[in-house]
Structures are given as structure tokens and as C-alpha cells.
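[1] sharing a sequence plus its predicted fold:
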Amino acid sequence: LNYYLADYSIALAAQKLGLKEDANTLFKRAANWKLLFDKNARGGSHGVPGFFRPKYTNGTFVQEFDAFAWGGTGTNSEYTEASAYQYRFYVPHDPKGLKELYGGGDVLCSALEEMMTHPPTFHEGNWGLHHEQTELVGNCFGEYEHNNQPVHHVLYMFKGAGCPAQGQKWLRYATEHLYGRKTGFSGDEDNGEMSSWYVLSALGLYQLVPASPYYEIGSPLFKNATISLQNTTIRILAPGNSAETPYIANVTWNGTPLPELRIKFKDLIQGGELSYTMTSNPDEANAFFKPKDTHAA
């Protein structure tokens, strides 16, 4: 799955460079993630089916399946430092396609919510016992393993599924509860990803797909912030922000509404004002969201 994301990101770069044949080859290969999705696979008590599973070389799924087995149940460590649950939504470059395979946005939203609310559970699998499992149970919530890299995109997948308010709710919960005096970071600060995730998400921004020209909009943590660039500044304003108002009723860039809840990087670096109108009403947030295309990039 990670290679498919890499293929997609390289395809974006090839496209930008005018290498059409290379881009088309890589875009096509990146879509092969669908071959690993088993819409009938189940895990846990909530009952929403659909997981990524390993296959034999003949194209059939490996028979034994345990959604909570870290590393998987086979001998080849099918899931790196996680279980099938943490890789369940590992298609940040194609939330639209994932929504289709789940059978619609409502189903995908339910599956995402299930990950947040399922009792934290892990089985050792072929990877054995490591600190990542105990951190999941002690520092995080549900099956959302924020203490490790495989899930750092997941809370931004709610928007692609068509339920941005749910994502904004859990983004605010993560920034408020997974960093601080109790745990510091909820897990390893590998390559700076824990702090960079926090800084971006606290500003209400996140690059979901490497090489994508877009930053996705989440739920800002502060009432105001200023980013100083070399020749300009970005002002981020959310005057009505509070613990009770995690939802976005409106967001504008230099006065222009952003109903897709995304902004181009090339516009951001020109400097300007990103202004949020926050609300306690999730219905307002969902009503504001008007996607043209739920494809991440």
C-alpha cells in the first residue's frame, strides 16, 4: 500500500515535469491498491466489513485473517508495525475510490468512526509484543494508533468520505488529548512526524498526499496564529474558537470561501489571511462542505 502511495506521488511529479507516459504508468500502477481490498473481511464487534489483506501469488487472499494481529497471521509480516485495522484506510491518494469500494460515503464514515470508538485491542501476531501496542492502549483511543506513522492520515479521510464534521471532531480531540503533560508525544518522534503533524493540524492544515499541490483543512486549535515566511506572512484567524466549537462553519482565504476544505500550496506561500468561522454545530460544518472531487490530489 505504501508503494502505491509512492507511485501516485511520483506520478504527480512526472505529470508536473511533462512526462506523460511515466505519469500514466505510475497512476495506473497506483490504482492497484484495489486488488488488496477485501470488502467482506470483518474485524471487531461493530460489524462494518472491509479490510486490506495479503494475497498469495495466485491472486487469492490468505485464508487466515485477524484484524487485530500486529504483523498479520502469516510468516511474512504483512502489516508493518500495526495490524489490518491501522492500514484499513491507507489510501490517502484515493478516498473517492475507497468510498466506492466500501459501498458509499455513509458506510466509509461508519467504518472510520468504528476505528475511533472500538475498544483498544491488539493481538501479538507474528510481530510479537512491542511498545507500539502498549502505547496504543495507554496513550491513544480506539484503534487509532496515533503513536505510529501508519494512521497519521486517517482523521483527514473523513472529509473524503463525505463527513468532514466527524473528522473535525476527532482532529480536535487528537490535538487536545494526544499531546501534553501526560504523555508528551504519544509515541516515537520518528523523523519529526509527531511534532510536524501537531503543528500543521493545530493550524488547521495538512498535506495529505506527498507531492500534492493541496493542503487539506481540518480543525484549528488556536484563535490566531502567524506564520512568518521569507517575504510575507500567513495570518490564521479563528476568533470564535474554543473547546466547544471544533467544527468549521466557514473558512476563507483572503475573503474567498473554501467550501472544498482545501487550499493550494502555491496560494498559501504568497501570504494572506486564512479565516475560520467556528461552530458547535456539526450540521453547519457538513453543510458548508461542497467537494468538486474527493480525490486527494
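    That came through fine. Numbers count the residues shown, from 1 in each chain.

[2] show residues contacting the helix or strand harbouring E100.
    Take DSSP states H and E as the rule and E100 turns out to sit in helix 95-102. The contact list for helix 95-102 (Cβ atoms under 8 Å, 6 or more residues apart in numbering) reads 31, 33-34, 37, 39, 50, 89, 91, 105, 108, 111, 157, 159-162, 293-296. Every residue, glycine included, has its C-beta placed from N, CA and C.

[3] give me the buried subset of these.
    Among the contacts of helix 95-102, those classed as buried by 16 or more other Cβ atoms under 10 Å are 31, 33, 37, 50, 89, 91, 105, 108, 111, 157, 159-162, 294, 296.

[4] look up how far F122 lies from N250.
    40 Å (Cβ to Cβ, to the nearest Å).

[5] now do S280
    From S280 over to F122 (counting by Cβ to Cβ), the distance is 34 Å.

[6] which of those two has more neighbours?
    F122 (22 against 14; other Cβ atoms under 10 Å).

[7] contacting residues for Y276?
    204, 220, 236-238, 241, 248, 250-251.

[8] would you map the strands across the stretch 1-150 of the chain?
    37-38, 51-52 (DSSP state E, counting those that start in this stretch).

[9] wait, which of these is closest to E21?
    Across the strands of the stretch 1-150 of the chain, E21 has its closest neighbour in strand 37-38 (27.6 Å, Cβ to Cβ).

[10] give me the helices and strands touching that closest one, please.
    strand 51-52 (3 or more Cβ pairs under 8 Å, 6 or more residues apart in numbering; DSSP states H and E).

[11] sheet-wise, list the partners of the strand it packs on with their directions.
    Here strand 51-52 has these sheet partners by DSSP bridges: strand 37-38 (antiparallel).

[12] what does the strand it pairs with contact?
    Against strand 37-38 from outside (Cβ under 8 Å, 6+ apart): 50-53, 61, 65, 98, 101.

[13] what do you get for stretch 283-293?
    Outside stretch 283-293, the residues that reach it (Cβ under 8 Å, 6+ apart) are 96, 159, 162-165, 168, 247-251, 259-261, 279.

[14] would you turn the strands of the stretch 1-150 of the chain into TSV with distance to E135 and mean pLDDT?
    Shown next, in TSV, are the strands of the stretch 1-150 of the chain (distance: least, Cβ to Cβ, whole Å; pLDDT from 0 to 100):
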stretch	distance to E135	mean pLDDT
strand 37-38	28	96
strand 51-52	22	96
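
[15] out of the contacts of stretch 283-293, which are inside helices?
    Judged by DSSP state H, the contacts of stretch 283-293 include 96, 159, 164-165, 168 as members of helices.

[16] lowest-pLDDT helix or strand in this structure?
    Least confident helix or strand, the chain: helix 131-139 with a mean of 89, by mean pLDDT, DSSP states H and E.

[17] just how off-centre is that helix within its chain?
    Remark: helix 131-139 is offset 19 Å from the chain centroid, using Cα atoms, centre = their mean, to the nearest Å.

[18] residue ranges of the strands in the stretch 151-297 of the chain, please?
    Counting by DSSP E, counting those that start in this stretch, the strands of the stretch 151-297 of the chain are 205-206, 214-217, 224-228, 233-237, 247-253, 256-257, 262-264, 272-279.

[19] show me where the stretch 101-250 of the chain dips below the pLDDT cut-off.
    181-183 (pLDDT under 70).

[20] name the nearest residue to V48, sequence neighbours excluded.
    Distances taken as Cβ to Cβ, 6 or more residues apart in numbering place A111 nearest to V48, at 4.4 Å, with adjacent residues excluded.

[21] I'd say the one you found and G103 touch.
    No: the criterion here is Cβ atoms under 8 Å, and A111 misses it with G103 at 10.0 Å.

[22] circling back to that earlier point, who wins for most neighbours among the contacts of strand 37-38?
    L98 (24 neighbours).

[23] so who does A11 touch?
    Neighbour list for A11: 22-27, 30 [criterion: Cβ under 8 Å, 6+ apart].

[24] please repeat the previous calculation with a cut-off of 7 Å.
    With contact taken as Cβ atoms under 7 Å, 6 or more residues apart in numbering, A11 is in contact with 23, 26-27, 30.

[25] buried sites along the least confident helix or strand of the chain?
    Of the residues in helix 131-139, those buried (16+ other Cβ under 10 Å) are 132-133, 135-136, 139.

[26] over to stretch 232-242?
    234, 236-238, 241.

[27] give the contact list for the nearest residue to F68 once chain neighbours are set aside.
    Spatial nearest neighbour of F68, excluding adjacent residues (Cβ to Cβ, 6+ apart): H123 at 4.6 Å. Residues near H123 by Cβ under 7 Å, 6+ apart: 66, 68-70.
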